[in-house]
Structure formats: structure tokens, C-alpha cells
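> predicted coordinates and the sequence they were generated for:
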Amino acid sequence: MLKRACGFLTKLWIIAYLTSSPLAHAQEEQADIVWGINNSPPFHIVDGYFAKQGVCDAMIAAFQRALPEAKHEIVNYPQARIGALLSQGQNVCYPCLIRHGVETDLIEYSATVFEYPPHGIITRKELAEEWRTKFGDPVDLVELLKTRKYRFGQPVTRLYGNLQPYIERFLHKTSRYSEISGRDAHANLLAMISAGRLDFTIDYPMLLNYHNQVLPIDLVFLPIQQNQGETVEGAVGCPTTTWGKRAIDMINSAIPAVVADEQFNTTKDRWLLPQIP
């Protein structure tokens, strides 16, 4: 009898937990668009001096202005959980998702909202000067990696598109490769480079633009020869469900207004424009 009662109470607790989550409420109330965000400056900035001034924060706000008749909800989850919810067909959309040009059964992409400059190298000034001389400007990443001399750091959640195979070929499973995890992985990685514990990473220029303003670091961005001329398309991703397709239709209808939104463009340009020494 006691065992049955405990089991019943456990079920009640699970139901109470699930129905008290932001996503559960959003789905119960049938929000038109549920925006899934996570702490990933300068995409989303959830606290500190620049709170709510990330690129994707500004983009969501622009969509809210462009679609005032729609019911919007914002839920804050880790990036991995948002990806899992999308793949499960839950009612959540991920802003600033990168379009890979490949159709998928799991994600319905919007049209492109804006473009990112391509990945580049982030390193210390003295190494930047050395590498420009040795490996060209833009830097030939393959020649740099072939030396197997310099220590590289990569956040566990970050992949580098067409550059990733080079990292895997020349650095994975070597003493020169480190994976950095945790909520503040990017900030910790850049601090390690600044302190000389690592030599470089690869990321978007806007990541450096942001952290150069909030951390006591003095790092620089170097373009990479292997991805010159490329751009990265930022879009919104929703599940391939009836709800998700309806949300994407609404989002696509508002993209022209978002692209022309002055507040969005001011924030976007603040973080996206490369600051090359």
C-alpha cells in the first residue's frame, strides 16, 4: 500500500514539474511562436551589462514588433535541450540557426534573416604577426595546422563547417588539442589564449568583438584563406510539424520588416562587423 502511494505521489510530482515548465505553458496556451534561447553571447546575452542586447535577442524583438498580432513566448534552455526539443517535434523555434543548405526531416528553416562573416582565427597579437608572415594574409589554415606546433582550443558545442575536417585531421587526439566545456566555455577559452595557456581558436568575429569588451583580454581576429568569400546564413528553425510550418510562414512574412528594422541592424552591426587590426 505504501509503495503504491509513493508511486502515485511520484507521478504527481513528475506531472507538476512538466506542467510548470515554460515550454509546457507555452504549448498549453498555443503560442504562435515559441523562441528557444540560451546563454551564448553575443547571440543571446542573458545577464551583465549587455543583457538582452545580443544579435538574436534583437532579432526576436524585431519579429515581435513586426508581428504584434502573434502570441510570442520565450523559453530559456541549454542549447542541447533546444536541439532535442526541435528533433522531437515540440513547439519551439530556434533563432539564429545556421542554414547548411541541406534539407532535413527534423527542422523547417525560414528564409535567411541575415548573414554572418565566416569563421576566422582568434589569437594573441604577437602570434598574429608571426602567422601573417609565415602563412599569409588571409592565413592558410592548413599550413598552420600542419606544423602541429600551436595549441588549439574548441568549445564542445562548436563545429566549424567546412573547416572542421582540417581540425579533425591535424589536431584531434593530439596534445595540441583541448576541448573546453561549461556555461562560460567561450569566455574561459579566450582567457586561456590571452594568458598563453592556449594559442588560438576558431570562431566568428562577433564572438571576439563581444569578449574584447567584457574581458581583460587583447586578442585579434585573422581571416582564413580556406573560407574567403563565404558567408554563413542565419535563419530561424522550427519543427517540421503543422505548428512549426505555421510559425515559419508567419516568420517568413515578417522577414522584410525585420531586415529593415533599425534597432535590429544597429545591434547586429555592433557585433558582426569584423574588427581586424
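Right, received. Where do you want to start?

> so what are the domain limits for this protein?
The chain breaks down by automatic domain parsing into domains covering 2-116+234-272, 120-227.

> neighbours around residue 79, how many?
Neighbours of residue 79 under the rule other Cβ atoms under 10 Å: 16. Yep, even glycine has a C-beta here, placed from its N, CA and C like the rest.

> for it, give me its contacts.
Neighbour list for residue 79: 38, 40, 157 [criterion: Cβ atoms under 8 Å, 6 or more residues apart in numbering].

> excluding sequence neighbours, find me the nearest residue to the first one.
Just to be clear, that refers to residue 38. Of all residues not flanking residue 38 in the chain, residue 79 sits nearest, at 4.7 Å (Cβ to Cβ, 6 or more residues apart in numbering).

> mind listing what residue 84 touches?
Contacts of residue 84 (Cβ under 8 Å, 6+ apart): none.

> look at it and tell me its secondary structure.
helix (DSSP: H, G, I helix; E, B strand; the rest coil).

> so how far is residue 241 from it?
The gap separating residue 84 from residue 241 is 15 Å, by Cβ to Cβ, to the nearest Å.

> just residue 212 next, same as before
41 Å.

> what's the closest of the contacts of residue 79 to residue 139?
residue 157 (24.2 Å; Cβ to Cβ).

> excluding covalently adjacent residues, which one is nearest to the closest one?
residue 79 (5.9 Å).

> how confident is the prediction for that neighbour, by pLDDT?
At residue 79, the predicted lDDT confidence score is 83.

> what values do phi and psi take at it?
When read as degrees, to the nearest 10, the backbone of residue 79 gives phi -60, psi -40.

> so residue 73 sits in a strand?
Yes. Judged by three-state DSSP, residue 73 forms part of a strand.

> of the contacts of residue 79, closest to residue 125?
Among the contacts of residue 79, and counting by Cβ to Cβ, the member closest to residue 125 is residue 40, at 26.0 Å.

> quick one, what contacts residue 65?
So residue 65 contacts 257, 261 (Cβ under 8 Å, 6+ apart).

> give me the buried positions along the host helix or strand of it.
For residue 65, the enclosing helix or strand under DSSP states H and E is helix 55-66. Neighbour-count burial for helix 55-66, counted by 16 or more other Cβ atoms under 10 Å, picks out 55-64, 66.

> export the residues you listed to a markdown table and tack on distance to residue 94 and pLDDT?
Below are the buried residues of helix 55-66 laid out as a markdown table (distance: Cβ to Cβ, whole Å; pLDDT from 0 to 100):
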| residue | distance to residue 94 | pLDDT |
| --- | --- | --- |
| 55 | 14 | 95 |
| 56 | 9 | 96 |
| 57 | 14 | 97 |
| 58 | 16 | 97 |
| 59 | 11 | 98 |
| 60 | 11 | 98 |
| 61 | 16 | 98 |
| 62 | 16 | 98 |
| 63 | 13 | 98 |
| 64 | 16 | 98 |
| 66 | 18 | 98 |
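
> TSV for these, including distance to residue 202?
Formatted as TSV, the buried residues of helix 55-66 follow (distance: Cβ to Cβ, whole Å):
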residue	distance to residue 202
55	19
56	21
57	24
58	25
59	24
60	27
61	29
62	29
63	30
64	33
66	34
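
> quick check, nearest of the residues you listed to residue 225?
residue 55 (26.1 Å).

> my read: that closest one touches residue 43, true?
Yes. If you go by Cβ atoms under 8 Å, residue 55 and residue 43 touch, sitting 5.6 Å apart.

> which residues do the two both contact?
Shared contacts of residue 55 and residue 43, counting by Cβ under 8 Å, 6+ apart, come down to residue 96.

> measure the nearest residue to residue 104 once chain neighbours are set aside to residue 141 for me?
Using Cβ to Cβ, 6+ apart and skipping the chain neighbours, the partner closest in space to residue 104 is residue 240 (7.9 Å). To residue 141, residue 240 is 35 Å away according to Cβ to Cβ.

> ok, now residue 33?
Residue 33 is 38 Å from residue 141, by Cβ to Cβ.
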